[in-house]
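Student: Provided below are the primary sequence and the corresponding predicted coordinates.
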Amino acid sequence: MDQPMPHTVQSLASDLRDLGLASGDVLLLHSSNRSLGFVAGGTQAVVQAFLEVLGSGGTLVVPTHTPANTDPASWQHPPVPEAWWPVIREQPPGFDPLCTPSRWMGVIAETVRTWPGALRSTHPQYSFAALGGSATDIVKGHRLDDGLGESSPLGAVYRLGGKVLLLGCDHSSNTSLHLAEWRQVSAPRAATGSSVRRPDGTSEWTTWVDVVTDESDFDRVGADFEATGGAVIAQVGGATARLMSQVVLVDFATAWMGTNRVPADDVSG
């Protein structure tokens, strides 16, 4: 049996155009590099394919979250000894948009984060990196107490009429669904914290209150959204790709959660 040929910048770009990605688009990408299969040139080639399709007027956005920079008292996978908590809170160098790597976001996201010209928002837990014409507008003004809300890059992508691409991953990774969470009137909120870098290079543990994330129903939201025909599904390289309008997705999810989630005020102890 003949082996399939490697994927290339050109073949991936062709697949992306066939999927519906176009020059000038603002694209929020969630990806599994492994799902693509063998790509000549690796992740560099993957990113170059996106940039070729989006063109100089387009913008590529990726999540560069840092879930390890959270309160160790809440860690479960795995938990750490309580005696370690003060050290973890007080001794890290603090979130630095230039230096702090993302975690669990995938190698494609990390490649975009470190690409020449990429900009990154300053949130110590929920940062995003952006590369392209709208990058500055997307990453600026990311408030601590609005990690995945209107002031976040998710809100900026929404206002710019952007698209979401799930490349080899499912809706459990679809960060835009959190924007719908933040829009719920009775969304549960709690205190959280991170190590934040001061302008003088020192760090401090900082706390604030924000919406509590809950991805437990994201696959259900995604399945119901796809049932409306809202996502274009096709192959990009060896991966199953799902492309959708972020505005249409978030509006659908906001209404879905308003109907299907129990408001925090209605939850009894």
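Tutor: Everything's here; your move.

Student: Quick one: residues contacting the closest residue to residue 245 other than its chain neighbours.
Tutor: For residue 245, ignoring the flanking residues on the chain, the nearest one in space by C-beta to C-beta, 6 or more residues apart in numbering is residue 163 at 6.0 Å. Glycine gets a C-beta too; all of them are placed from N, C-alpha and C. Residues in contact with residue 163 (C-beta atoms under 8 Å, 6 or more residues apart in numbering) are 21, 25, 26, 27, 28, 243, 244, 245, 246.

Student: Mind checking which of the residues you listed are in strands?
Tutor: Of the contacts of residue 163, the ones assigned to strands by DSSP state E are 26, 27, 28, 243, 244, 245.

Student: And for the second one, the neighbour number?
Tutor: Spelled out, that is residue 27. Around residue 27 there are 24 other residues, counting by other C-beta atoms under 10 Å.

Student: What of the fourth one?
Tutor: For residue 243, the number of neighbouring residues by other C-beta under 10 Å comes to 20.

Student: Do you know the pLDDT at it?
Tutor: Note for residue 243: predicted pLDDT of 98.

Student: can you pull the contacts of it?
Tutor: So residue 243 contacts 19, 20, 21, 163, 164, 165, 231, 232 (C-beta under 8 Å, 6+ apart).

Student: Please provide the alpha-carbon coordinates for stretch 59-76, formatted as PDB.
Tutor: Output of stretch 59-76 as PDB, limited to C-alpha atoms (Å, rounded to 0.1, in the frame of the first residue of the first chain):
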ATOM      1  CA  THR A  59      -4.700  37.900  12.200                       C
ATOM      2  CA  LEU A  60      -3.900  34.600  13.800                       C
ATOM      3  CA  VAL A  61      -4.800  34.200  17.500                       C
ATOM      4  CA  VAL A  62      -4.000  31.400  19.800                       C
ATOM      5  CA  PRO A  63      -4.600  30.700  23.500                       C
ATOM      6  CA  THR A  64      -1.400  30.900  25.600                       C
ATOM      7  CA  HIS A  65      -2.900  30.100  29.000                       C
ATOM      8  CA  THR A  66      -0.800  29.400  32.100                       C
ATOM      9  CA  PRO A  67      -2.900  27.200  34.400                       C
ATOM     10  CA  ALA A  68       0.100  26.500  36.600                       C
ATOM     11  CA  ASN A  69       0.100  30.100  37.700                       C
ATOM     12  CA  THR A  70      -3.000  29.700  39.900                       C
ATOM     13  CA  ASP A  71      -3.600  29.100  43.500                       C
ATOM     14  CA  PRO A  72      -2.100  25.800  44.500                       C
ATOM     15  CA  ALA A  73      -4.800  25.300  47.100                       C
ATOM     16  CA  SER A  74      -7.200  24.400  44.200                       C
ATOM     17  CA  TRP A  75      -4.800  22.000  42.400                       C
ATOM     18  CA  GLN A  76      -6.200  18.500  42.000                       C
END
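
Student: List the buried residues for that stretch?
Tutor: 59, 60, 61, 62, 63, 64, 65, 66, 68, 69, 70, 72 (16 or more other C-beta atoms under 10 Å).

Student: how close does residue 167 get to residue 252?
Tutor: With distances taken as C-beta to C-beta, to the nearest Å, residue 167 is found 21 Å from residue 252.

Student: Between the two, tell me which one has more neighbours.
Tutor: Neighbour tally, residue 167 and residue 252, criterion other C-beta under 10 Å: the higher count belongs to residue 167, 26 against 20.

Student: What pLDDT is listed against the more buried one?
Tutor: 97.

Student: Can you list the low-confidence ranges for the stretch 151-269 of the chain?
Tutor: Across the stretch 151-269 of the chain, the ranges flagged by pLDDT under 70 are 263-269.

Student: change it to 80
Tutor: Across the stretch 151-269 of the chain, residues meeting the criterion (pLDDT under 80) sit at 262-269.

Student: so can I have CSV of the buried residues of stretch 59-76 showing secondary structure and pLDDT?
Tutor: As requested, the buried residues of stretch 59-76 are arranged in CSV below (DSSP: H, G, I helix; E, B strand; the rest coil; pLDDT from 0 to 100):
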residue, secondary structure, pLDDT
59, strand, 98
60, strand, 98
61, strand, 98
62, strand, 98
63, strand, 97
64, coil, 97
65, coil, 95
66, coil, 93
68, coil, 86
69, coil, 87
70, coil, 83
72, helix, 81
